[in-house]
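>>> can't give you the sequence, but here's the structure:
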């Protein structure tokens, strides 16, 4: 057909905002899709198209290229440009290739482990010794009613937006509470966050660039490993022994100039270790000399079973270097999503700027509830109650391990927190054991989850927080049976680091 | 003094974990700080130190360098190495130089504006027409009591951790609600987020790398500009005219291959514009051809004053390209921090992985409250009530503008939402006007806050949501006085785009 006729009634508007090539392409698109230009029509060469519209050849080429992208025309080598067969529906079956659009990101395989740990409720018959969760039976549900009804009604003014830094009456009550624990925090040096997870995310987001070095204890909290790896940090491991290895730490500081040290000094997760006062003082002195920022993650210190643990690193901080992460998830409800950061004001300021982008501010309800809880001095009696209960559970688990797993397993003592850190003697990996355990109705976390390199480890973490002593005993009895049935390493000595069951 | 004696009783342990240079430095540190080696003592040259300990010269140099870093010794040119004067307290006055440690980050000056907008409660006497906040007098506070006491008590199981994707009963109730509005969302294609701010943050975090192009309407929501700028995006502006400029949009798509288009199709913030059904269909067709991801931010569509707005882009999406952001902040309480994303499952999956790092999951209480609210079909009657109330306020503000600001100001019509977008005729900038306004007891947002380039604009955004008609009238009367007193541009014609007050 004579295509020149087709174009004769097309007018371009050189004054319009729309570029010429796009006007041409749109005209042709309309004529092709409504059938005025049928399939297999040969279109004029680019030069001719350019002449017809009085545009440059480049413009004509751009118009044809766009029609090709739209799937409307094709160039046949040595023959010319032709209109394609009409497709039944233009965008049918097309969809956005999301997987290709996302920024490449390393998600640790641990991510799914942590997700399943927090997501899976302790389902009916399974005895979960995996997640480090408080027992819902110990949640002080009455707090909600007290908070909401003590003064008969909520004040609507408290349900609107609040400052990113947090709800001031809550931060005031919190600062009184912290001062009793030796942390000299004012509301200006506190930031309310949506769980201490968010505190860690904010600190890493503002301090760590890809390839920066950070130091962590090894083993350590798997959620911290994930955030650090996701930020592209290079992780230096400080192996846990009896105490902080300050010699190695200082060597790291000099060799690698790391950006920060992430540590859980009290009832460490997973090892249960408590750093002594002297160790803490020496760590602070060393960190102060090197101006090393420390992130002190402290979810477990209120849950002690014997004497009160030493003061936090934050309480000892004399160089303004400690970013302290606190939370109510372990002692009240995880679902509150309420934690806080205590840090120098410059840090609070910068982290709040970042937090504003993420969620404007944390939810008001949790802060209102905790404000009442702190003001009415509810926590001390509640803590006394849960310390006594979790101590019973630790004792029950330790007794059961001695009874059912003697010779199969050694464990570190734990004078607080939620976990016993155990080493198994059997010739099967913790993952294999977990496979059998799940089938038998119990669960735990294999030790490798707490190492940055996913290195093989014969360790497992048993949480005693979620079940009462009777259930824990049942669970450990099952574990004992599995271990007894497992093959034994031919000539494997008891590792010196482990502690025999006593 | 003869320093060789000082070293005679120092023994290094070549088997220890601690590197030799550090052992040497630590020995000397101990002797210097406890006074055994007094100030101004000349230390042996590095070669001699190396010989004494049987180490390499490099090791000796490293040891001295470390002591220098610790502030204990100094090298005097041509003379040797000397012990420094002891300082009264070793780490006194030293502190971490936080400002230098933070990752360099561009925080838009808008950040502080948004912060002050959300932080400042409508203080007693100020008539705030700045922030786009619902009136606390319209908060349905009874929702809390209904949710918490309908069944007499909270179930502790609902106060623990929940999946990152959200509390399933809430998502089920939400999906029913959305299906009534034509959005075919199942719980698997919904993600609970901590306010739609977090939804936007997550989408940008996973899709935008520095220097990526994105398209936004201009003017647009300042919180979106901030997040995009903070991610390092290059922003292409689609100027608002009567409708989406699809020609320019397609030109952008071809020239720059942008990663996404951020748009508020319904009661746009700040312009109040509503895209027609036909425009929406054409936009979806164009975006589908180019596989362009669209972020549809839709906080205002439930707040309509005349007919119901057209279906959302999400409802029209036939190519799986729309990420829909919803929130309860404008229709219930901002303090809930509860929003949601409706998007293809691949998107939900990836955003949930990212969200896990940020806060594990959003708080349970808000989801519990909203679940009850949706299940009991509470929203329709509440929405009817607030639509009627906000319509009265829009009418009152428009009337007052006609009465007090005629000839001084033109404004766009708004058939829903919270804002009137106005253009002032006076020869003073909106910032100058704001300065006077604040002194006179009223406030608003200068138009430049809604442009990416901070370009001068004679526009201001007036929010009618936070005050009753009487207060709004008072506020506009004050504005009218200020405008009348302001100098008038000598020969400035009324801009054609503006709409004269009728």
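Now that the structure is in, tell me what you want to look at. It should be emphasised that the depicted structure is a prediction, and the values quoted were computed from it without experimental measurement.
>>> Low-confidence regions, the stretch 401-502 of chain A specifically.
Judged against pLDDT under 70, the low-scoring parts of the stretch 401-502 of chain A cover residues A:454-456, A:488-502.
>>> which stretches of the stretch 151-300 of chain A form helices?
In chain order, the stretch 151-300 of chain A shows helices spanning A:168-180, A:196-207, A:222-230, A:246-256, A:277-289, with DSSP state H, counting those that start in this stretch as the criterion.
>>> Can you tell me which of the ones you listed is most buried?
By mean neighbour count, with neighbours taken as mean count of other C-beta atoms under 10 Å in any protein chain shown, helix A:196-207 ranks first of the helices of the stretch 151-300 of chain A at a mean of 25. All C-beta atoms are positioned from the backbone trio N, CA, C, and that covers glycine.
>>> still on that earlier bit, least confident of the helices of the stretch 151-300 of chain A, on average?
Least confidently modelled of the helices of the stretch 151-300 of chain A is helix A:222-230, at a mean of 91 by mean pLDDT.
>>> So which elements touch that helix?
helix A:109-119, helix A:196-207, strand A:213-218, strand A:234-239, helix B:345-359 (3 or more C-beta pairs under 8 Å, 6 or more residues apart in numbering or on different chains; DSSP states H and E).
>>> Relative to residue A:252, how far out is residue A:352?
When C-beta to C-beta, to the nearest Å is the yardstick, residue A:352 and residue A:252 sit 30 Å from each other.
>>> and if you look at residue A:350?
The gap separating residue A:350 from residue A:252 is 25 Å, by C-beta to C-beta.
>>> Next, the residues that contact stretch A:238-256 from outside, please.
A:213, A:215-219, A:234, A:236, A:258, A:261, A:263, A:268, A:271, A:273, A:275-276, A:279, A:282-283, A:286, A:290, A:292, A:497, B:16-19, B:22-23, B:26, B:62, B:66, B:69 (C-beta atoms under 8 Å, 6 or more residues apart in numbering or on different chains).
>>> The longest helix seen in chain A relative to helix A:168-180, how many degrees between them?
Longest helix in chain A by number of residues (criterion: DSSP state H): helix A:379-404. Comparing the axes of helix A:379-404 and helix A:168-180 via axes from the mean of the first three to the mean of the last three C-alpha atoms, to 10 degrees yields an angle of 60 degrees.
>>> Buried subset of the contacts of stretch A:238-256 as a ChimeraX selection?
Here is the ChimeraX selection string for the buried members of these, based on 16 or more other C-beta atoms under 10 Å in any protein chain shown:
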select /A:213,215,216,217,218,219,234,236,258,261,263,268,271,273,275,279,282,283,286,290,292 /B:18,19,22,23,26,62,66
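>>> Okay, residue A:287 and chain B: tell me how far apart.
As defined by C-beta to the nearest C-beta, to the nearest Å, residue A:287 lies at a distance of 9 Å from chain B.
>>> try residue A:63
11 Å.
>>> Can you give me the neighbour number for that residue?
Applying other C-beta atoms under 10 Å in any protein chain shown, we find 26 residues neighbouring residue A:63.
>>> Please state the backbone phi and psi of the nearest residue to residue A:283 once chain neighbours are set aside?
Closest residue in space to residue A:283, ignoring its immediate chain neighbours: residue A:244 at 5.4 Å, by C-beta to C-beta, 6 or more residues apart in numbering or on different chains. The main-chain torsion angles of residue A:244 are listed as degrees, to the nearest 10 and equal phi -50, psi 130.
>>> Tell me the helices and strands packed up against the helix or strand hosting residue A:422.
Take DSSP states H and E as the rule and residue A:422 turns out to sit in strand A:419-424. Using 3+ C-beta pairs under 8 Å, 6+ apart as the contact definition, the elements that strand A:419-424 packs against are helix A:379-404, strand A:409-411, strand A:459-463.
>>> relative orientation of that strand and helix A:379-404 in degrees?
Direction vectors for strand A:419-424 and helix A:379-404, defined by the same axes, to 10 degrees, enclose an angle of 20 degrees.
>>> Sheet-wise, list the partners of strand A:419-424 with their directions.
Applying DSSP bridges, strand A:419-424 is found paired with strand A:409-411 (antiparallel), strand A:459-463 (antiparallel).
>>> thinking again about what came up before, for the helices of the stretch 151-300 of chain A, which one sits closest to residue B:195?
Evaluated with C-beta to C-beta, the helices of the stretch 151-300 of chain A place helix A:196-207 nearest to residue B:195, the distance being 13.4 Å.
>>> Which elements pack onto that closest one?
Counting contacts by 3+ C-beta pairs under 8 Å, 6+ apart, the secondary-structure elements packed against helix A:196-207 are strand A:190-193, helix A:222-230, strand A:260-263, strand A:294-297, strand A:322-327, strand A:339-342, helix A:345-359, helix B:345-359.
>>> can you list these in a markdown table and add distance to residue B:478?
Shown next, in a markdown table, are the helices and strands packed on helix A:196-207 (distance: least, C-beta to C-beta, whole Å):
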| stretch | distance to residue B:478 |
| --- | --- |
| strand A:190-193 | 36 |
| helix A:222-230 | 50 |
| strand A:260-263 | 51 |
| strand A:294-297 | 50 |
| strand A:322-327 | 46 |
| strand A:339-342 | 41 |
| helix A:345-359 | 30 |
| helix B:345-359 | 42 |
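>>> of all those, which lies closest to residue A:461?
Across the helices and strands packed on helix A:196-207, residue A:461 has its closest neighbour in helix A:222-230 (9.7 Å, C-beta to C-beta).
>>> now the strands paired with strand A:419-424 in CSV, with distance to residue B:403 and mean neighbour count?
Supplementary listing: those in CSV, determined by distance: least, C-beta to C-beta, whole Å; neighbours: other C-beta atoms under 10 Å in any protein chain shown:
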stretch, distance to residue B:403, mean neighbour count
strand A:409-411, 79, 24
strand A:459-463, 68, 26
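>>> mind giving me CSV with these and columns for distance to residue B:442?
Written out in CSV, the entries for these read as follows (distance: least, C-beta to C-beta, whole Å):
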stretch, distance to residue B:442
strand A:409-411, 67
strand A:459-463, 57
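>>> closest one to residue A:191 among those strands?
Each of these was scored for nearness to residue A:191 using C-beta to C-beta, and the closest is strand A:459-463 (28.9 Å).
>>> check contacts around residue A:366.
Applying C-beta under 8 Å, 6+ apart, one finds that residue A:366 lies in contact with A:336-338, B:363, B:365.
>>> can you do 6 Å?
Contact analysis of residue A:366 by C-beta atoms under 6 Å, 6 or more residues apart in numbering or on different chains lists A:336, A:338, B:363.
>>> Out of the residues you listed, which end up buried?
Buried residues within the contacts of residue A:366, defined by neighbour count using 16+ other C-beta under 10 Å: A:336, A:338, B:363.
>>> mind checking how far the last one is from chain A?
So the one you mean is residue B:363. For residue B:363, the distance to chain A equals 4 Å [C-beta to the nearest C-beta].
>>> ok, now how distant is residue A:40 from residue A:71?
With the distance defined as C-beta to C-beta, residue A:40 ends up 15 Å from residue A:71.
>>> I'd like the distance between the residue lying closest to residue A:260 once chain neighbours are set aside and residue B:457.
Spatially, and ignoring its direct neighbours in sequence, residue A:260 is nearest to residue A:293 (4.3 Å; C-beta to C-beta, 6+ apart). Here the criterion is C-beta to C-beta. By it, residue A:293 lies 42 Å from residue B:457.
>>> Could you check which of those two is surrounded by more residues?
Ranked by neighbour count (other C-beta under 10 Å), residue A:293 and residue B:457 place residue A:293 first, with 25 against 17.
>>> On the pLDDT front, check that one for me.
Per-residue pLDDT puts residue A:293 at 97.
>>> go on, residue A:216?
According to the model's per-residue confidence, residue A:216 sits at a pLDDT of 97.
>>> so it sits right up against residue A:264, yeah?
No - the pair formed by residue A:216 and residue A:264 falls short of the contact definition of C-beta atoms under 6 Å, at 9.5 Å.
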